[in-house]
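**Q** compute the structure for the input listed below.
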Amino acid sequence: MKTLKKYGYIYLIFVKNCFIAQMEYRINFLFANTIEIAYLCIKLIYVLVAFRVGVVINGYTPDALLMYVGSFTMMTGFYCLFFYSNFMMLSNHIRDGTLDMLITKPVSLQFIATLRRIDFGYSFTNVVAGIAMIVIGWSRMGIPVTPVKVFGFIAFIFVGVVLKYAIFLIPSLISFWTVNTNAINQMSTAIWDMNHVPMNIYGRSIQQAGMFLFPVFIITNFSPLYAMDKLDISYMVWFIAAPIVFLFISRKLWNVAIRSYTSASG
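**A** Numbers count the residues shown, from 1 in each chain. Just a heads-up that it's a prediction; the model follows:
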């Protein structure tokens, strides 16, 4: 508990410092949110088309699609808020040798290297818009608002954030050997963008890959499925196991990567 309090206090300092730094340039913050609003409008086009024609896609009504898009949008916001900048900067730390400075800090290197930056600019719009879409879809579908449903949904979101950290850290670790991981990051982003629709729309092989190999479907699909009482018990078991498995894998790979690290300064 003492260690948790220590790291919690340090993380609050990270949040405070990042917020102050970003508010020094408020125009950048506004432009970032404007860009995200434009991307958000693009994401909503196909949902608006579904609402307009009243189409049901593989058993999913436009209201259900709205919940999935809302879940995807919100989780994208959380990823941009907590992890994206850190993962993108990791290769810069390795290339420039600034990772040496982080190694000397009296805290976990993985903690400070992958969680130090919090980006409010590109995340605020997505989180707010995602929550709004979930609430609208939830209400229009007539899903009961009970403590079990609400707290269960929040638990799925929390575990999804943890899982996204674990699985998207893994591609970034390749930078310890290749230094530049732009192509790998673009590929992982493309895989994530497949996740903005219900996984049942895809074929069985893609569903299995998105469930077990690179489990992005767990992150955004399981919370709406739980709310709509469509989540199988077997998926519930994997939902509990997947974050543990991939956190273990990412931690092991981090240790291997650090052992292979060679300072840029020699």
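**Q** going forward, measure contacts between C-alpha atoms and count neighbours the same way
**A** OK.
**Q** tell me how far the residue lying closest to L231 once chain neighbours are set aside lies from T181.
**A** Leaving aside its sequence neighbours, L231 sits nearest to L225 (C-alpha to C-alpha, 6 or more residues apart in numbering; 5.1 Å). Noted for L225: a distance of 34 Å to T181, by C-alpha to C-alpha, to the nearest Å.
**Q** and the residue nearest to L231, how many neighbours does it have?
**A** Residues within reach of L225, counting by other C-alpha atoms under 10 Å, total 17.
**Q** please apply the same query to I27.
**A** Quick note: I27 (other C-alpha under 10 Å) scores 11 neighbours.
**Q** what strand or helix carries it?
**A** helix 26-53 (DSSP states H and E).
**Q** chain center to the next helix or strand after that helix, what's the gap?
**A** Note on helix 26-53: by DSSP H and E, the next helix or strand toward the C-terminus is helix 62-79. With C-alpha atoms, centre = their mean, to the nearest Å as the basis, helix 62-79 stands 12 Å off its chain's centre.
**Q** check which helices and strands helix 62-79 is in contact with.
**A** Using 3 or more C-alpha pairs under 8 Å, 6 or more residues apart in numbering; DSSP states H and E, the elements in contact with helix 62-79 are helix 26-53, helix 124-140, helix 147-173, helix 216-227.
**Q** now render these as a markdown table, adding distance to F14.
**A** Output for these, formatted as a markdown table (distance: least, C-alpha to C-alpha, whole Å):
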| stretch | distance to F14 |
| --- | --- |
| helix 26-53 | 18 |
| helix 124-140 | 17 |
| helix 147-173 | 17 |
| helix 216-227 | 25 |
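**Q** let me know which of the ones you listed is tucked in deepest.
**A** helix 216-227 (a mean of 24; mean count of other C-alpha atoms under 10 Å).
**Q** buried stuff in whichever helix or strand comes after that one?
**A** Where DSSP H and E defines the elements, the next helix or strand beyond helix 216-227 is helix 233-259. Within helix 233-259, the residues that count as buried by 16 or more other C-alpha atoms under 10 Å are 239, 242-243, 246-247, 250, 253-254.
**Q** residue ranges with poor pLDDT in the stretch 51-200 of the chain?
**A** Applying pLDDT under 70 to the stretch 51-200 of the chain flags residues 51-58, 179.
**Q** returning to that earlier point: closest to P62 out of the helices and strands packed on helix 62-79?
**A** Closest approach to P62 among those is made by helix 26-53 (5.5 Å; C-alpha to C-alpha).
**Q** give me the distance from the closest one to the chain's centre.
**A** From the chain centre to the centre of helix 26-53 is a distance of 18 Å (C-alpha atoms, centre = their mean).
**Q** and V128, what does it touch?
**A** M74 (C-alpha atoms under 8 Å, 6 or more residues apart in numbering).
**Q** skipping its backbone neighbours, what lies nearest Y261 in space?
**A** The shortest distance from Y261 to any non-neighbouring residue, by C-alpha to C-alpha, 6+ apart, is to F176 (6.2 Å).
**Q** okay, now that neighbour: neighbour count?
**A** Neighbours of F176 under the rule other C-alpha under 10 Å: 22.
**Q** how about the helix or strand where it lies: buried residues?
**A** Under the criterion of DSSP H and E, F176 resides in helix 175-178. Of the residues in helix 175-178, 175-176 count as buried by neighbour count, 16+ other C-alpha under 10 Å.
**Q** run the angle between the helix or strand just after it and helix 147-173 for me.
**A** As assigned by DSSP H and E, the chain's next helix or strand after helix 175-178 is helix 182-193. Here the directions of helix 182-193 and helix 147-173 differ by 160 degrees (axes from the mean of the first three to the mean of the last three C-alpha atoms, to 10 degrees).
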